[in-house]
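>>> starting from these lines, generate the structure:
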Amino acid sequence: MLETFDPVPAEIASAISDGLSAFNESAEIRREAFAIVWRENGGLAGGITASVSFSVLFIGNLWVAKSLRLSGIGTKLMSAAEEEGRRRAAVTACVDTLSTQAPDFYPRLGYVEFGRVSGHAGGRPVDRIWFRKELSAAT
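Just a heads-up that it's a prediction; the model follows:
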């Protein structure tokens, strides 16, 4: 029997995630998740979530408070995540973004586009774009 959930109940999301994690562990595919944050005046002003699995750094989410965007914090967070990825033996980094978000940011950091899917949101075209960077050659 198939069921569709919208929104997804937390227990369903956890069961699926836990099941996949158990399978990956049995196949010796480890996923090491971490987060790095930027604080200003005692508050959270930005952060990045990421994980390393099979020598690849996967950037999950990068966020900087609106008032601090274009101040270099995003670049510092990316650099720190890449360094942590290297420390965890990652040799490649991957990140994705939308054409409405930060498609020009990642190439400035040495990332190269390797995939794109076009779609629509709110009646306008939106692309999801994937980027990669070789960390072994990064400085």
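
>>> so in this protein, where's the weakest helix or strand by average pLDDT?
Lowest on mean pLDDT, DSSP states H and E among the helices and strands of the chain sits helix 10-26, with a mean of 84.

>>> got the contact list for it?
With contacts defined as Cβ atoms under 8 Å, 6 or more residues apart in numbering, helix 10-26 is touched by 5, 30-31. (Glycine included, C-beta is placed from N, CA and C.)

>>> stretch 101-113 now?
Under Cβ under 8 Å, 6+ apart, the answer for stretch 101-113 is 62, 74-75, 78-79, 93, 95, 97, 127, 129-133, 138.

>>> highest neighbour count among those residues?
In terms of neighbour count, Ala93 stands highest of the contacts of stretch 101-113 at 26 neighbours, by other Cβ atoms under 10 Å.

>>> contacts only, for that one.
Residues in contact with Ala93, defined by Cβ under 8 Å, 6+ apart, are 56-59, 81-82, 85, 111, 132-133, 135.

>>> going along the chain, name the helices of this structure.
Assigned helices in the chain, in chain order: 10-26, 73-87, 105-108 (criterion: DSSP state H).

>>> give the buried residues for the last one.
To tie it back to what came earlier, the one meant is helix 105-108. For helix 105-108, burial by neighbour count (16 or more other Cβ atoms under 10 Å) applies to 105-106.

>>> which residues of this protein score low on pLDDT?
The model of the chain has pLDDT under 70 over residues 27-28, 137-139.

>>> recalculate using a threshold of 90.
Low-confidence segments of the chain (pLDDT under 90): 2-5, 16-32, 41-42, 54, 68-70, 101-102, 122, 136-139.

>>> sorry, back to before: how far does the least confident helix or strand of the chain sit from the chain's center?
Centroid separation for helix 10-26 versus its chain: 19 Å, with Cα atoms, centre = their mean, to the nearest Å.

>>> restrict it to CA atoms and write it as CSV.
The C-alpha coordinates for helix 10-26 follow below in CSV (Å, rounded to 0.1, in the frame of the first residue of the first chain):
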residue,chain,number,x,y,z
ALA,A,10,8.8,14.0,11.6
GLU,A,11,8.6,10.3,12.4
ILE,A,12,8.4,9.4,8.7
ALA,A,13,11.4,11.6,7.8
SER,A,14,13.4,10.1,10.7
ALA,A,15,12.5,6.5,9.8
ILE,A,16,13.6,7.0,6.2
SER,A,17,16.8,8.8,7.2
ASP,A,18,17.6,6.3,9.9
GLY,A,19,17.0,3.4,7.6
LEU,A,20,19.3,4.8,4.9
SER,A,21,21.9,5.6,7.5
ALA,A,22,21.8,2.0,8.9
PHE,A,23,22.2,0.6,5.3
ASN,A,24,25.1,3.0,4.6
GLU,A,25,26.9,2.0,7.8
SER,A,26,26.5,-1.7,7.0
